[in-house]
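Participant: Give the three-dimensional model of this entry:
(chains A and B)
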Amino acid sequence: MQALMIHLPLVGVLLAAAVLATAIARSASATPVVYAICAVASAAGLAAALLSLTGGLSAAPLVLPLGLPWVGAHFRIDALAAFFLVVVNLGGTAASIYGLGYGHHEDAPHRVLPFFPAFLAGMNLVVMADDAFTFLLSWEFMSLASWALVLAHHREAANARAAYIYLLMASFGTMALLLAFGLLAGPGGEYAFASIREADRAPAIAALALVLMLVGAGSKAGLAPLHVWLPLAHPAAPSHVSALMSGVMTKVAIYGFIRVVFDLLGEPAWWSSVLLLALGGATAVLGILHAMMETDLKRLLAYSTIENIGVIFAGLGLSLAFEANGMGWAAALALVAALFHVFNHSLFKSLLFFGAGAVLTATGQRDMDRLGGLIHRMPATSLAFLVGCVAISALPPFNGFVSEWMIFQAILQSPNLPGWGLKIMVPAVGGLLALAAALAAACFVRAFGVVFLGRPRSTVAEQAQEVDHFSIAAMAFLAALCLLAGILPGFVIDSLAPITQALVGGSMPDQTGDAWLSIVPIAEGRSSYNGLLVFVFIAVSAWLAAYLVHRFASRELRRGPAWDCGFPEPSPATQYTGGSFAQPIRRVFGTMVFRARETVDMPPPGSTAPARHRVEMRDLVWDWLFAPIAGAVDFAAGHLNRLQFLTIRRYLSFVFLALITLLLVLALWT
Amino acid sequence: MNGLTFDIAHMLAGGLVLVSFMLLYQDRLYALLNVYALHALVLSLSVAWQAYVQDAPHLYVTAAIALVFKAGVIPIALHRIILRLGIHRDIETVVGIGMTMLAGMGLVALSMVVMLRVTPEADPLAREDLAFALSVLLLGLLVMVTRRNAIGQVVGFMALENGLVLAATGAKGMPLVVEISVAFSIVIAFVVIGIFLFRIRERFDTVDIGALDDFRGERR
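Facilitator: Numbering: from 1, shown residues only, chains lettered A, B, ... in the order given. Reported below is the predicted structural model:
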């Protein structure tokens, strides 16, 4: 059976749900109906995509008579598309289930409900598209639907600004994509991916297309320095939409990049890997440092998304480097690691955003310094959030560890590369990624510790209530998948083999035959990892330790005064805060990366006012790249504005002068 | 084609350019209209000569249209409009006449250079004709730019259109349909502009387009 015969009707169902939502948005039953339709459609899409990935459905292309006349809309689901359909629909299913509960707290459901199914449909269509026109149309549809969701709570000035910047960046990115596809299609206008794949093109054209693709897809994914919109826009949307934007939409952008650079462009140029590695490493470190400094929980998660995008792009860069040098097996390892990280990040970032949404529902707070102690009030949310934190910090036995470990295994293959440039650069990027991984662990210790541990810092945190069952179910579902993918990574790796075979012409060794489900990136003698054994060991030893402690010490639960530095002051403000936890790292990196300046305002002698400690930080990307561009646009617009108020004769003169100039050019050049 | 026919075609096209120069320095409306009538007359002669040379009878129709409408009906109608508006005494060029003439010479030189360099292989008659046509076109545009009065701009626009007709008839085998449509478009443009003139006049008591700018509340 043809895979598209399932997926295209499902997209139709989602679009119909969007229309239905517009009609019934104001009735009370709208929220459960729309989210239930989305959940069912996404679950069906997930099942079909899993079947396609394992080869159960045919990948035959389909041309629908839509869009451009005589061109039509081409669709095709190959292994790569099937994998990303799994990511999209898994995230969609979880977000829809979460929305069943979370949506009840929405005060303006008619601003969310119509766009949510449309957003899901758009992401599905991007992945299925098999010609440039359909791809760009779906891409823009996805962007606009998510933009409308960012603007859902438009009365807050910060949200309106975030949506504005997002719209600007999205149009800019689409323009870059448009130019890239224009270059790829050539003067003949062959927009179908099949003919783009066959075409011969000059190296300069291919290079330009790659750079434009990096700008277009990178700006959507959040690659530095085009990431500035992401930490503004992702948190502004409702939490389940934030989860979709951060966990899934950035992955769709990565899909677009992989599709063009690995599939359509053909043989990669060696320098493209250098570009990707440098940008990926820098993005990872910059993203996680920002996350470390952030006190808004959802913005912290958005910045952490930037870090993970950096890791994924570094993995893709490694894969390109190996492929350009004819090392198919290493390229396959790096590509599998990157794709696995795509999958993993979609799981735990959605989970963490759901957790942040649950905290927001329960307390109305996103500021970490007004939370704390939630583990007593919201145990289920805390457990799920903890799983997400552990997974994103790349600790075994969860899934984050496996993919990051595989990326480092690929980095360790760099001595086999010919040429000293890459040989030196790859370990340097590895150092950056290691730094980012360590900082990520610190960042999520801080996030979990400040929000869920300690004592409540505000009355809302003190009176928080556990969230509804649908939200908990969605979080538990993702947490279980995080663990499952961590202890059984071999199945995921094997299912990715057709993708690497098609894209880089190599594949990792078959993982199913290894004893105890361990995974072997290259060969048994060099390195292997067994998530199941690690999990069993951790579970058994933890249980044993707990049992022994309780058996031989005491079974009683005791509550005593917390250690309080010798001050018997009961105020929760004396606890570690997010800012104080981040201070050592800010001291080390802040002066360089953020231009951080700490100042102390001392009151004059005799005054009883308190001394104030202030930290100033600046975003250098914003200051050096975006502020000058914005200034230049303002300047040009201010001066061009005068052209709007000229006399008719002046306008005629402009036409006249333009004609004369063109004639002069013609006279001088021919 | 023998030397004489070529010379006559050349003379008529050059005459059109010369009359275009005359349009440039007319500073009274009646004189401007009279020169425009002369312009259309020279055009119709040129077209008729082309019809004779190319043995293309349909071009006689074009010549007749030019003669009747452009040299007859339109100038007379504009005369009456001017009379009814009572503005037959005033006209002002925006730039000085000397500067305008110099600019016109520059434009003729430019169109010669462009045409002669772009079409080295073309038929010499068509080539010269095209160069003159482009000059007439540019001079018409210059008239439009240098006039502040709406009627002056209408005349400039129609002179520009004459240049187009000259170019169209210079090339062999241009079907009649094109010329008829061009001629009628110009009639329609004339009617529309005439109506507009009355509307402007009713509204602002002047056909000086500066009044429009004043109405928009803008400086100049």
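Participant: For the stretch 51-200 of chain A, which residue gets nearest to chain B?
Facilitator: A:Pro187 (23.9 Å; Cβ to the nearest Cβ). For glycine as for every other residue, the C-beta is placed from the backbone atoms N, C-alpha and C.
Participant: ok, now which ones touch the nearest residue to B:Leu78 once chain neighbours are set aside?
Facilitator: Nearest non-adjacent residue to B:Leu78, counting by Cβ to Cβ, 6 or more residues apart in numbering or on different chains: B:Leu33, 5.4 Å away. B:Leu33 makes contact with B:Pro75, B:Leu78, B:His79, B:Ile82, B:Val155 under the criterion Cβ atoms under 8 Å, 6 or more residues apart in numbering or on different chains.
Participant: Format those residues as TSV; extra columns: neighbour count.
Facilitator: Listed next are the contacts of B:Leu33 as TSV, based on neighbours: other Cβ atoms under 10 Å in any protein chain shown:
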residue	neighbour count
B:Pro75	23
B:Leu78	24
B:His79	16
B:Ile82	21
B:Val155	26
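Participant: Between the residues you listed, which sits nearest chain A?
Facilitator: B:Val155 (13.8 Å).
Participant: which residues does the closest one contact?
Facilitator: For B:Val155, the contacting residues are B:Leu23, B:Leu32, B:Leu33, B:Tyr36, B:Leu78, B:Val143, B:Arg147, by Cβ under 8 Å, 6+ apart.
Participant: can you give me the strands in the chain?
Facilitator: Let's take chain A. For chain A, the strands defined by DSSP state E occupy A:62-64, A:73-75, A:597-601, A:612-616.
Participant: Please identify the most buried of these.
Facilitator: strand A:73-75 (a mean of 23; mean count of other Cβ atoms under 10 Å in any protein chain shown).
Participant: for that one, packing partners?
Facilitator: With contacts defined as 3 or more Cβ pairs under 8 Å, 6 or more residues apart in numbering or on different chains; DSSP states H and E, strand A:73-75 has these neighbours: strand A:62-64, helix A:132-150.
Participant: for chain B, what are the low-confidence residue spans?
Facilitator: Within chain B, the segments meeting pLDDT under 70 span B:1-2, B:88-94, B:124-125, B:171-185, B:187-220.
Participant: most centrally placed residue in it?
Facilitator: Among the residues of chain B, the one closest to the centroid is B:Ala159, at 0.7 Å (Cα atoms, centre = their mean).
Participant: Can you tell me what sits against the worst-scoring helix or strand of chain A on mean pLDDT?
Facilitator: For chain A, using mean pLDDT, DSSP states H and E, the weakest element among its helices and strands is helix A:591-593, scoring a mean of 81. Applying Cβ under 8 Å, 6+ apart, the set of residues contacting helix A:591-593 from outside is A:Leu286, A:Leu289, A:Arg597, A:Leu620.
Participant: Point out the residues in chain A that sit beside chain B.
Facilitator: A:645, A:647-649, A:652-653, A:655-656, A:659-660, A:663-664, A:666-667, A:670 (Cβ under 8 Å from any Cβ of the partner chain).
Participant: The same query, at a cut-off of 7 Å, please.
Facilitator: A:Phe645, A:Thr647, A:Ile648, A:Arg649, A:Leu652, A:Ser653, A:Phe656, A:Leu663, A:Leu664, A:Leu666, A:Ala667, A:Thr670 (Cβ under 7 Å from any Cβ of the partner chain).
Participant: just the buried members of those?
Facilitator: Neighbour counting over the residues of chain A next to chain B (16 or more other Cβ atoms under 10 Å in any protein chain shown) leaves A:Thr647, A:Arg649, A:Leu652, A:Ser653, A:Phe656, A:Leu663, A:Ala667 as the buried ones.
Participant: Please verify my assumption that the third one contacts B:Met144.
Facilitator: Yes. With contacts counted by Cβ atoms under 7 Å, A:Leu652 reaches B:Met144, the gap being 5.6 Å.
Participant: which residues of chain A score low on pLDDT?
Facilitator: The model of chain A has pLDDT under 70 over residues A:513-516, A:562-570, A:670.
Participant: Out of the helices and strands packed on strand A:73-75, which one sits most buried?
Facilitator: Greatest average neighbour count among the helices and strands packed on strand A:73-75 goes to helix A:132-150 (a mean of 22), per mean count of other Cβ under 10 Å.
Participant: which helices and strands does that helix pack with?
Facilitator: Helices and strands touching helix A:132-150, by 3 or more Cβ pairs under 7 Å, 6 or more residues apart in numbering or on different chains; DSSP states H and E, are helix A:115-128, helix A:157-185.
Participant: longest helix of chain A?
Facilitator: When chain A is parsed with DSSP state H, its longest helix is helix A:328-363.
Participant: now stretch A:522-529, how far from the chain's geometric center?
Facilitator: 30 Å (Cα atoms, centre = their mean, to the nearest Å).
Participant: Distance check, the residue lying closest to A:Leu120 once chain neighbours are set aside against A:Gly186.
Facilitator: Spatial nearest neighbour of A:Leu120, excluding adjacent residues (Cβ to Cβ, 6+ apart): A:Gly92 at 4.7 Å. Distance, A:Gly92 to A:Gly186, using Cβ to Cβ, to the nearest Å: 36 Å.
Participant: So between these two, which is more surrounded?
Facilitator: Using other Cβ atoms under 10 Å in any protein chain shown as the criterion, A:Gly92 and A:Gly186 rank with A:Gly92 on top: 29 against 15.
Participant: Report the contact partners of the closest residue to A:Ala314 other than its chain neighbours.
Facilitator: With Cβ to Cβ, 6+ apart as the criterion, A:Ala314 has its nearest non-adjacent residue at 3.2 Å, and that residue is A:Gly280. A:Gly280 is in contact with A:Gly310, A:Val311, A:Phe313, A:Ala314, A:Gly317, A:Val429, counting by Cβ atoms under 7 Å, 6 or more residues apart in numbering or on different chains.
Participant: so which of the residues you listed is the most crowded?
Facilitator: A:Ala314 (33 neighbours).
Participant: contacting residues around that residue?
Facilitator: Listed by Cβ under 7 Å, 6+ apart, the contact partners of A:Ala314 are A:Leu277, A:Gly280, A:Gly281, A:Ala284, A:Val429, A:Leu433.
Participant: repeat for A:Ala502
Facilitator: Contact analysis of A:Ala502 by Cβ under 7 Å, 6+ apart lists A:Asp78, A:Ala79.
Participant: That one and chain B, how far apart?
Facilitator: 52 Å (Cβ to the nearest Cβ, to the nearest Å).
Participant: Surely A:Phe354 touches A:Val241?
Facilitator: No. When contacts are counted by Cβ under 7 Å, A:Phe354 is not listed as touching A:Val241 (11.3 Å).
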